[in-house]
Each structure stands twice: as structure tokens, then as C-alpha cells.
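> coords please:
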Amino acid sequence: MTSLFDSAGLSDAAPQPLAERLRPATLSEVIGQDHLLAEDAPIGRMLAQNRLSSMILWGPPGVGKTTIARLLAGRAGLEFVALSAVFSGVADLRKVFEAAKSRREAGQGTLLFVDEIHRFNKAQQDGFLPFVEAGVVTLVGATTENPSFELNAALLSRSQVFVLNRLDATALEGLLARAERVLGRALPMTGDARAQLVDFADGDGRYLLTLADEVFAQTGELDGAALSKLLQKRAPVYDKSGEQHYNLISALHKSMRGSDVDAALYWFARMLEGGEDPRYLARRIVRFASEDIGAADPVALMISAEAARTYERLGSPEGELALAHAVVHCATAPKSNAVYTAWKAARALAKTTGSVAPPKHILNAPTKMMKSLGYGEGYQYDHDAEDGFSGQDFWPDTMERVTLYAPKASGREAAIADRVAHWARLRAEKSRG
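Sure, this is the predicted structure:
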């Protein structure tokens, strides 16, 4: 099988990047993906049965998607053909499929590996279908994006989706140990610096080996400070319009709802470090204060709205502290979604009741004719009533009373619950009397 190194026209004597030198030669050498590749795992069982179906490999960068596809082709005896959706178009696909047809007629199958397959539009993805269905190619697509968002249903129905894990510290340390065995010498660094190097990679094995290449080229032992000067930590994986965006905002929202202030601050910081617009986060915090705290702590909405205004005045980074203040207040505040639940129920009820009129005693009566029709007749001014409560019924005459707002015994809403219950008793007594 032709390697990427050979295809570039380079000799074996030419210097190779460490990541290429350590590229696994067998599936058993792939680190961190045993849940897919072990003998009793999905892909392992598939190979044991001498079959290979089309699949989508979904995972973060640098976890072995390309390597796995290449090794699968070797195990299955298929010609490996690689395309990048970033650099390929319809013409390139047509050539690949024509060559695969000819290869099949000669008794040779083709594994078509499409990197960044989510970059193809839906029409281009549809173009794969007849060739996958006819067995002209076995498709292995690689993507860093959620396939359920980025790939069309027809293509997904003809492929299995396998999720590759982000490489943890143990897997990354295994890569460094392998590099040291291949090069026959230890990385020139202290133990603390070694742990820092693993942290710099942020789960990306390819990036780790790129960093290790730099370290091997150094003379003298590196400590943590020297390593920080030499190398740069990998930027956190974050796509402001992709699944990471929705996953992290969900984590922030649910951490505040669960009153886990430390987790809430962490996810808030993760989104900022990933490049999220602080104004978006400000809007979400205000929404949370209204939706999940509500009347249990009305101050939360004021603090959140003021934090958003403070950010507009100060910008980054100073204004981000005000948003963090709001995150802490929201996470530590008593929670109640009673107002949110009541509002949804009220809207649903309003949609089903049409144009039913209010009772006449609370209708406006600015003209004599309206008064003669009974508009406003019998209305009792609550401020003049005992305890400031008239007990009148304000529901339409044709409707039964519905309880929409059910305050919870949380924070300030507990006192509201007591008042609402008191007024309900008084209203019932006045209606009987």
C-alpha cells in the first residue's frame, strides 16, 4: 500500500515527521479506540466476520480516523482511495467512481475514504448513494461534526456511525512512550514538563507528536517554564456554530439550573476561551434568570440584565467579570420555573379559547351606551375592599377557572405561594356567601 510519504515522491532516507514515523501498521497499534477496534467491539467483530460495511468515523481531530480507514482497507484487501471534501468537487468524485467501477470489474474492491465528509453539500452527498448501494465503493467518511446535523438521512441510513474518543492522558502518554522507543531515547524534559506537554495536546495525538518532535530537537532538559516558552498549548476545540457550541451552552445552562456554581463558571470560561461572543452568553444568562429562577429570586433577572448592560459599556475583558457575577448569582439562587410553566400554559390556553369576552363587570365603559349595556356594572374597587381584596371572579363567564401559576416553596416565591393560597380561600368564601 502506498504511504502518504511515498506518494509525495520522497525517499525513505528523507526526514519524516514523528507522527508519520509512528503511524500504526496494524489496528492493534491504534491507541485509545479499543471500544471500536477490539475483537469483541463493533469494527473488530466486523473484520472477524470478513465483512466491511460503509461507515462514518466521528471524532475530534488527531484521534486516528485516517489511520483506521487506511488499515481497514489493508485488512479487507481493498484499494485505498482518499479524498478531502475541502479540496474535491463533483469532477473528482466522478473520476474516483469510474476508476472504482473498472477496478471492480477486474475483481478488486475500493475503500473510498472521504475526510471532512460534512463539507460536501447534501446534493454531493446524494451522489455517493448509488455507488455505495451497488457496492462499487465501501465508503468510510471522517468528520469532526455531528453526523446527524451535517449528513443527510439517506447517506446515514446506508452507513454505520462510529464515535471515536478524544485521547485521554493515558493514551497520550502511551504515544510518547512509543515515540521514545522508536527514537531510542527519552524526551529531554522533567516529569512536570511531560505532564504539561500532554496537557498542551488537549486530546489530539497528532498534535502531541508534532510538539514532541520539537522537544526531541532540544539539547538539555526542559522544565515547565522552558516548555511554555518553546511550545504553544493547543487551542480548545470549539465551533461557534456547531455541536460544541450547543453542548457547552447546554452544560452552562444545566449547571446553573443544578446550582453547581463551580461547574457553571467552568463552562462559562470554556465558551469564552473558545471564542464565543460574550453578548450571546449575556442573553442566555438573562433568559436563565427569567426561565429557571423567576419569582423565587426576582433580583436575579435584574442582576443578569445589568451584567449584560455592563458588558455593553466595558466590553472585553473587563465586562466579562460582570457576566461571571451574574453566573454565580444565578447558580446560587433559589430556583423556580413556575412563572415559565404558567406562561406556557396561559399561551396554550389562549390559543384554544378563541375570542371569548371578559366578564362584563371588568369591561371598560367610557360611553353611556356601554354603561347601559352593563359594561363595568358591579365592579368592586379592590383598594376599597377589606384587606385590599374584593374576591371577584375575573375569568370569562363561559370558562371554568384554571390554575396556571403554581408558585413553589423556593426563595421569595414561598411567600407568594402563601398569598396565592390565602386569596384562593377568600375568593371561595366570597363566592359562597
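
> drop to CA atoms for contacts and neighbour counts, all remaining ones
Fine.

> how far out from the middle of the chain is stretch 281-299?
22 Å (C-alpha atoms, centre = their mean, to the nearest Å).

> going forward can the numbers begin at 44, since that is how I track them
Noted, 44 is the first residue going forward, which turns the last one into stretch 324-342.

> okay, that stretch in CSV with CA atoms only?
Extracted in CSV, the C-alpha atoms of stretch 324-342 (Å, rounded to 0.1, in the frame of the first residue of the first chain):
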residue,chain,number,x,y,z
LEU,A,324,-23.7,34.4,26.8
ALA,A,325,-25.2,37.5,28.3
ARG,A,326,-28.5,36.9,26.5
ARG,A,327,-28.6,33.3,27.7
ILE,A,328,-27.9,34.3,31.3
VAL,A,329,-30.8,36.8,31.2
ARG,A,330,-33.0,34.1,29.7
PHE,A,331,-32.0,31.7,32.5
ALA,A,332,-32.8,34.2,35.2
SER,A,333,-36.3,34.6,33.9
GLU,A,334,-36.9,31.0,32.9
ASP,A,335,-35.3,29.0,35.8
ILE,A,336,-35.3,31.4,38.7
GLY,A,337,-38.3,33.6,38.1
ALA,A,338,-40.2,34.8,41.1
ALA,A,339,-38.1,32.7,43.5
ASP,A,340,-35.5,35.5,43.3
PRO,A,341,-36.6,38.5,41.2
VAL,A,342,-33.2,40.1,41.8
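
> That stretch: which residues count as buried?
By 16 or more other C-alpha atoms under 10 Å, the buried positions in stretch 324-342 come out as 324-325, 327-342.

> Let's see which of the residues you listed end up in strands.
Among the buried residues of stretch 324-342, DSSP state E puts none in strands.

> In helices only, show me those residues.
Judged by DSSP state H, the subset of those located in helices is 324-325, 327-331, 342.

> can you name the two of those residues that are farthest apart?
Using C-alpha to C-alpha, these span at most 18.7 Å, a distance reached by 324 and 342.

> related to what we said a few turns ago, just name the closest of the ones in helices among the buried residues of stretch 324-342 to residue 157, please.
Distances from residue 157 to those, taken by C-alpha to C-alpha, are shortest for residue 324, at 35.2 Å.

> tell me the contacts of the closest one?
Shown in contact with residue 324 (C-alpha atoms under 8 Å, 6 or more residues apart in numbering): residue 311.

> ok, now with 10 Å
Residue 324 makes contact with 292, 295, 311, 314-315, 330, 351, 363, 366, 370 under the criterion C-alpha atoms under 10 Å, 6 or more residues apart in numbering.

> Please compute how far stretch 229-238 lies from its chain's middle.
With C-alpha atoms, centre = their mean as the basis, stretch 229-238 stands 34 Å off its chain's centre.

> That one spans what distance, first to last residue?
Stretch 229-238 has an end-to-end distance of 14 Å (C-alpha to C-alpha, to the nearest Å).

> Looking at that stretch now, give me its mean pLDDT.
Taken as a whole, stretch 229-238 has a mean pLDDT of 92.

> for stretch 338-350, same thing?
Stretch 338-350 comes out with an average pLDDT of 96.

> for the nearest residue to residue 325 once chain neighbours are set aside, what are its contacts?
Of all residues not flanking residue 325 in the chain, residue 351 sits nearest, at 5.2 Å (C-alpha to C-alpha, 6 or more residues apart in numbering). By C-alpha under 10 Å, 6+ apart, the contact set of residue 351 is 321-326, 328-329, 345, 362-363, 365-366, 369.

> okay, those residues in a markdown table with distance to residue 303 next?
Output for the contacts of residue 351, formatted as a markdown table (distance: C-alpha to C-alpha, whole Å):
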| residue | distance to residue 303 |
| --- | --- |
| 321 | 21 |
| 322 | 22 |
| 323 | 21 |
| 324 | 17 |
| 325 | 19 |
| 326 | 20 |
| 328 | 15 |
| 329 | 18 |
| 345 | 21 |
| 362 | 23 |
| 363 | 19 |
| 365 | 19 |
| 366 | 16 |
| 369 | 14 |
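
> Now do the strands in this protein.
Listed in chain order, the strands of the chain (DSSP E) span 98-101, 122-127, 153-158, 181-186, 203-206.

> JSON lines please, covering those strands and showing mean pLDDT and mean neighbour count.
Shown next, in JSON lines, are the strands of the chain (pLDDT from 0 to 100; neighbours: other C-alpha atoms under 10 Å):
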{"stretch": "strand 98-101", "mean pLDDT": "94", "mean neighbour count": "22"}
{"stretch": "strand 122-127", "mean pLDDT": "92", "mean neighbour count": "18"}
{"stretch": "strand 153-158", "mean pLDDT": "94", "mean neighbour count": "24"}
{"stretch": "strand 181-186", "mean pLDDT": "94", "mean neighbour count": "25"}
{"stretch": "strand 203-206", "mean pLDDT": "94", "mean neighbour count": "16"}
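
> any chance of those in JSON lines, with distance to residue 299 too?
Output for the strands of the chain, formatted as JSON lines (distance: least, C-alpha to C-alpha, whole Å):
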{"stretch": "strand 98-101", "distance to residue 299": "30"}
{"stretch": "strand 122-127", "distance to residue 299": "41"}
{"stretch": "strand 153-158", "distance to residue 299": "38"}
{"stretch": "strand 181-186", "distance to residue 299": "31"}
{"stretch": "strand 203-206", "distance to residue 299": "29"}
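
> Which of those strands sits closest to residue 399?
Going by C-alpha to C-alpha, the one of the strands of the chain nearest residue 399 is strand 203-206, 52.6 Å.

> so how far is the closest one off the chain centroid?
Remark: strand 203-206 is offset 17 Å from the chain centroid, using C-alpha atoms, centre = their mean.

> next one: stretch 413-429
Distance of stretch 413-429 from the chain centroid (C-alpha atoms, centre = their mean) equals 55 Å.

> what distance separates the start and the end of it?
End residues of stretch 413-429 are separated by 29 Å (C-alpha to C-alpha).

> Just the buried residues of it, please?
Within stretch 413-429, the residues that qualify as buried are 418-420, counting by 16+ other C-alpha under 10 Å.

> Which of the residues you listed fall within helices?
Of the positions in those, not one sits in helices, assigned by DSSP H.

> And for residue 151, the neighbour number?
As a burial measure, residue 151 scores 14 neighbours (other C-alpha atoms under 10 Å).
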